[in-house]
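1. Using only what follows, build the 3D model:
(chains A and B)
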Amino acid sequence: MSLLAPIRVLDLGGDWGGLPGKILAEMGAEVIRIEPPGGDPARRRAPMAGGVGLPWTTFNLSKRSVTVDIAAPEGQAMLLDLAASADALIESFPPGHLASLGLAPEALIRRHPSLVVTSLTAFGQTGPRAGDPASDTTVMALSGLMAVTGFAGLPPLRLGVDQITSLAGLQAALGTLMALYARGADGLGQHVDVSALDAARLANYREPLRWEFQQAVETRRGNLARRGKGGFTSTIWECRDGWITWSASDDPKRARSLFDTAHAEGLATDWADHNFGAELPADMDQARIDALETAIAPFFRRYTRDELESMARDKGWILIGFLDMAEAMAQPQLAARGFWTEEQVGHLRLPVPAHPFVTSTDQPGHRGPAPEPGADNDTIWGALGRSPQELDRLRARGVI
Amino acid sequence: MTGAPHARAGEADGPLAGVRVCDFSWVGAGPRATKELADHGAEVLKIESARRPDPSRRTPPFVGGNGPDSSVFFVMSNTSKKSVAVDLSDPRGVAVARRIALASDMVVENFGAGFLDRIGLGWQALSEERPDLVMVSISIAGRTGPLAGFRGYGNSAAATSGQAFLTGFPGGPPHLTNYAFGDVATPLFGAIAMMGALEFRRRTGRGIYVDVSQLESMMQLLSPAALAEAAGLPQKAIGNRETWCAPNGVFPCLGEDAWVAVTIATDQQWTAFRDVAGIAAAPDLDTVEGRLAHVEAAEAFVADWTAARTPDAAARALLDLGIPAAPVQDGRQVSEDAQLAHRRIAERLDHPVIGPIRHVAPAFKLSRTPGTVGLAPMLGQHTGDVLRQVAGLSDAEIAELMSAEVLQ
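-> Sure thing, here's the model as predicted:
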């Protein structure tokens, strides 16, 4: 028994859609990826390693796969058969595409009233932008997040590694689970209409407020945080072997503790008697913040990330070092929680995340490699009554 | 048909009607998770201390004074909840909170490590009395391991997951954004975990404890880069580029700080652009491999073309060719975006102290059991009602605790 067993999910996620099925699979659902004959073309997207595309592989771990041509009438009938055995179906085709095949979400639910159908698209099923082509980058641009990400004098910047697609995928997993929970009460499915732009807009929790209540728009401020009086404080600091984050603390005791430590080493002497309880960085103008930061910067430069983190632990400062991807993966915290497990990725063995979260019982987690295209054709179509001869015939005709 | 959630005060509906959540969480990562549940019909009882309220209540901007009910920032993460002001530093307050927790389906918390255990409201203690209770903790690095006690904030996980390192331009410093991505991604893992736990409980009748880590949530989303790193492909910040197609990025337009975002994902899209832009033969660029190999040349063609157009005009022309494109919108443009208005992503409700204020709606619409975005609560607004109806206290008991300032 795991969290979601024995739920079965059909996964027709395309560019927006790999992640939700992966999460549901690792929570215990049986997730069947439905691909066109020959496999999803996105399987070959770079970066490639071990002969397979890593973005596709990563978000299709722990799933099964069948192939079927849903543009062919025979393939449509097979999909409908399979849907009868499923609890949920996740799709991310452009709005109207499934309807053009006679497989509109509403029609699927009419035919199978207990089915949850989740549509994950850039903008949702309706509205002025609903038909527009979109990408992770263009949705981030529309959300307002990009205008404030990056550095003064440089172009607006994306977050690394398609994070908007991921936010949308998480929302799709959540919406699917809520619809399944509602079904638990009355047995009825429904349509879940997820928008990546909505997901990114929710993430933009500052800028629409700034406009609504201050009639101001923010620009790119690099690694500076806006403070109460309109000044900016640095959020990242150079240290001996890289960077750490420490934000001019708005807790007087912690700020005092840091400056006392620096003072004991002969640094920041002008601030030895400063009363942070009476004047926090949030109360200072920019010239004074600059003076404070100039005074403390040499202290950070004197130590390594590890040394500063160790002091921070003892003294209660909120400070931590920046890690690159190799360092981030190797950190003891992740090892201690068993976060990585090894899996076959093409012809390589690579570490993959072992769990989305930790539980006291029925621990969710990784369940196997990303499937080969159609790896489960024989068992899954066979269980629906298709004989081996019939499956061979369908193969020969390119339906599966 | 879009089943848009809309404001209907007071009545519980939605997929989670009948689910009660005792929510000790505060600041960002916890409240944004329970907001998702509250907007979908769960009764979320936000347990707050009047002496030490949720710091979000002290975060600007403020409207209608500067008290705990004036922060518009607080409203965004706390729609549809009820507020119960209980002093957890007083044993009588703890006793009240315990009754509420034991009368709930789920307890949520993101306190410092061990705090709830110390006051006797930890998982062990509560689940002994209520074996079917669900409890969800959200923290920076998880409740076990060497960083279990780490005190941090939303951007700490951006630093330690590698996200800040992968966000930036080649050769530049890591970037911490002015929004904490960990505080928006982790709550979704949290809400997913909560739903998984409720589903589990419904099937088995058993409770469960869930430990959600910001670091692990971020690492899940970065896992394509993690696998690449492990496969011997060192991962670095690549600005606005994509790993699998080119050109991808933002390009300067007519106007001040005016940009259009463009993704040319396929050869067909490149050909369409090439023909419209009148680009003379550049056969190197006709395939995605060629454009990735000569990415600067491909980008220069796009930048030359966009420079003579406004962001809207450039985006419109490219969209008409089937190419993903969009203006880079600022906070004002987002607030006025027609698609977001169509989706009713932020509808005005009349807050008693702030006045009319947009309350943010969920990112998905359920066709049959849509959610309902309700007002964010004022501090202690529901203390009396909840103590009577949920904790079973008498009016006399409530009055006594009120006068002792254990309740507000």
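2. wait, what's in contact with the residue nearest to A:Gly17 when sequence neighbours are not counted?
-> In this structure, A:Gly17 finds its nearest non-sequential neighbour in A:Ser92, 3.6 Å apart by C-beta to C-beta, 6 or more residues apart in numbering or on different chains. To be clear about C-beta, it is placed using only N, CA and C from the backbone, and glycine gets the same treatment. Shown in contact with A:Ser92 (C-beta atoms under 8 Å, 6 or more residues apart in numbering or on different chains): A:12-17, A:119-121.
3. do the lowest-mean-pLDDT helix or strand in chain B and chain A meet?
-> Sorting the helices and strands of chain B by mean pLDDT, DSSP states H and E puts helix B:154-160 at the bottom, at a mean of 90. Yes - against chain A, helix B:154-160 shows contacts by C-beta under 8 Å from any C-beta of the partner chain at B:155-156, B:159-160.
4. if I look at B:Ala33, how far off is B:Glu256?
-> 39 Å (C-beta to C-beta, to the nearest Å).
5. More neighbours: which of these two?
-> Taking neighbours as other C-beta atoms under 10 Å in any protein chain shown, B:Ala33 and B:Glu256 compare with B:Ala33 leading, 30 against 5.
6. A strand includes the more buried one, no?
-> No - the assignment for B:Ala33 is helix, going by DSSP: H, G, I helix; E, B strand; the rest coil, so no strand is present there.
7. Would you confirm that it contacts B:Ala197?
-> No - between B:Ala33 and B:Ala197 there is no contact under C-beta atoms under 8 Å: 12.0 Å.
8. so what sits against both of these two?
-> What both B:Ala33 and B:Ala197 touch, as defined by C-beta under 8 Å, 6+ apart, is the set B:Val136.
9. ok, which stretches of the stretch 301-400 of chain A are helices?
-> Taking DSSP state H, counting those that start in this stretch as the test, the helices found in the stretch 301-400 of chain A are A:305-315, A:325-330, A:332-336, A:377-383, A:388-396.
10. residues contacting B:Ala191?
-> A:174, B:33-34, B:36-37.
11. pretty sure B:Leu407 contacts B:Leu401?
-> Yes - using C-beta under 8 Å as the test, B:Leu407 is close enough to B:Leu401 to be in contact (4.5 Å).
12. Quick one: the helices of the stretch 301-400 of chain A as a markdown table, columns for mean neighbour count too.
-> Compiled in a markdown table, the helices of the stretch 301-400 of chain A are given as follows (neighbours: other C-beta atoms under 10 Å in any protein chain shown):
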| stretch | mean neighbour count |
| --- | --- |
| helix A:305-315 | 16 |
| helix A:325-330 | 20 |
| helix A:332-336 | 17 |
| helix A:377-383 | 16 |
| helix A:388-396 | 13 |
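13. Relative to A:Met146, which of those helices is closest?
-> Distance to A:Met146, taken as C-beta to C-beta, is lowest for helix A:325-330 among the helices of the stretch 301-400 of chain A, at 22.4 Å.
14. Please report the distance of B:Ala281 from chain A.
-> From B:Ala281 across to chain A, the span is 26 Å (C-beta to the nearest C-beta, to the nearest Å).
15. With B:Leu227 instead?
-> B:Leu227 is 5 Å from chain A, by C-beta to the nearest C-beta.
16. pLDDT below threshold where in the stretch 201-350 of chain B?
-> Nowhere does the stretch 201-350 of chain B drop to pLDDT under 70.
17. how about the strands of it, start to end?
-> B:208-213, B:248-252, B:259-263, B:325-327, B:346-351 (DSSP state E, counting those that start in this stretch).
18. circling back: the helices of the stretch 301-400 of chain A: which one's closest to B:Phe301?
-> Comparing the helices of the stretch 301-400 of chain A by C-beta to C-beta, helix A:325-330 comes nearest, at 31.6 Å.
19. now the helices for the stretch 151-300 of chain B?
-> Under DSSP H, counting those that start in this stretch, the stretch 151-300 of chain B gives helices at B:154-160, B:163-166, B:182-204, B:214-221, B:223-230, B:267-277, B:288-293, B:295-306.
20. Apart from its neighbours in sequence, what residue is nearest whichever residue of the stretch 51-200 of chain B sits closest to chain A?
-> Closest approach between the stretch 51-200 of chain B and chain A, counting by C-beta to the nearest C-beta: B:Leu166, at 3.1 Å. Leaving aside its chain neighbours, B:Leu166 sits nearest to A:Gly160 (3.1 Å; criterion: C-beta to C-beta, 6+ apart).
21. ok, that neighbour - how many residues close by?
-> Neighbours of A:Gly160 (other C-beta under 10 Å): 23.
22. Torsion angles phi and psi at it?
-> Dihedral pair for A:Gly160: phi -60, psi 150, per degrees, to the nearest 10.
23. tell me the contacts of it?
-> Going by C-beta under 8 Å, 6+ apart, the list of residues near A:Gly160 reads B:163, B:165-168, B:222, B:225, B:237-238.
24. go on, A:Asp250?
-> With C-beta under 8 Å, 6+ apart, A:Asp250 has these contacts: A:280-282.
25. pLDDT wise, what is the residue of the stretch 51-200 of chain A found nearest chain B at?
-> For the stretch 51-200 of chain A and chain B, the shortest gap (C-beta to the nearest C-beta) falls at A:Gly160, measuring 3.1 Å. Per-residue confidence (pLDDT) for A:Gly160: 93.
26. For A:Pro47, the count of nearby residues, please.
-> Quick note: A:Pro47 (other C-beta under 10 Å) scores 17 neighbours.
27. so what's it closest to, chain neighbours aside?
-> B:Ala228 (4.7 Å).
28. Could you do A:Cys239 as well?
-> In space, A:Cys239 is closest to A:Phe300, 4.8 Å off (C-beta to C-beta, 6+ apart).
29. got the contact list for the nearest residue to A:Gly131 once chain neighbours are set aside?
-> Counting by C-beta to C-beta, 6+ apart, A:Gly131 lies nearest to A:Pro95, which is 6.8 Å off, once chain neighbours are set aside. The contact partners of A:Pro95, taken as C-beta under 8 Å, 6+ apart, are A:119, A:121, A:124-126, A:130-131.
30. tell me the SS of the residue nearest to A:Cys239?
-> With three-state DSSP as the criterion, A:Phe300 reads helix.
31. So it sits against A:Ile236, correct?
-> No - counting by C-beta under 8 Å, A:Phe300 stays clear of A:Ile236, with 10.0 Å between them.
32. so what sits against both of the two?
-> What both A:Phe300 and A:Ile236 touch, as defined by C-beta under 8 Å, 6+ apart, is the set A:Ile244.
33. Burial check on the closest residue in space to B:Phe62 that isn't next to it in sequence, number of neighbours?
-> Take B:Phe62 and drop its neighbours on the chain: the residue closest to it by C-beta to C-beta, 6+ apart is B:Ser70, 4.2 Å away. Counted with other C-beta under 10 Å, the neighbours of B:Ser70 add up to 21.
34. Surely B:Ser70 and B:Gly355 touch.
-> No - the pair B:Ser70 / B:Gly355 is not scored as a contact, 10.4 Å apart, by C-beta under 8 Å.
35. Residues that sit against both of the two, list them.
-> Common neighbours of B:Ser70 and B:Gly355 (C-beta under 8 Å, 6+ apart) are B:63-64.
36. Around B:Ala404, count how many other residues there are.
-> If we define neighbours as other C-beta under 10 Å, then B:Ala404 has 12 of them.
37. B:Pro91 is in contact with that one, correct?
-> No - using C-beta under 8 Å, B:Ala404 is not in contact with B:Pro91, being 11.3 Å away.
38. just to revisit the earlier point, could you identify which of the contacts of A:Asp250 has the most neighbours?
-> A:Pro281 leads these on contacts (other C-beta under 10 Å) with 22 neighbours.
39. I figured that one was touching A:Thr235, is that so?
-> No - under the criterion of C-beta under 8 Å, A:Pro281 makes no contact with A:Thr235, lying 11.8 Å away.
40. tell me the centre residue of chain A?
-> A:Ser166 (3.2 Å; C-alpha atoms, centre = their mean).
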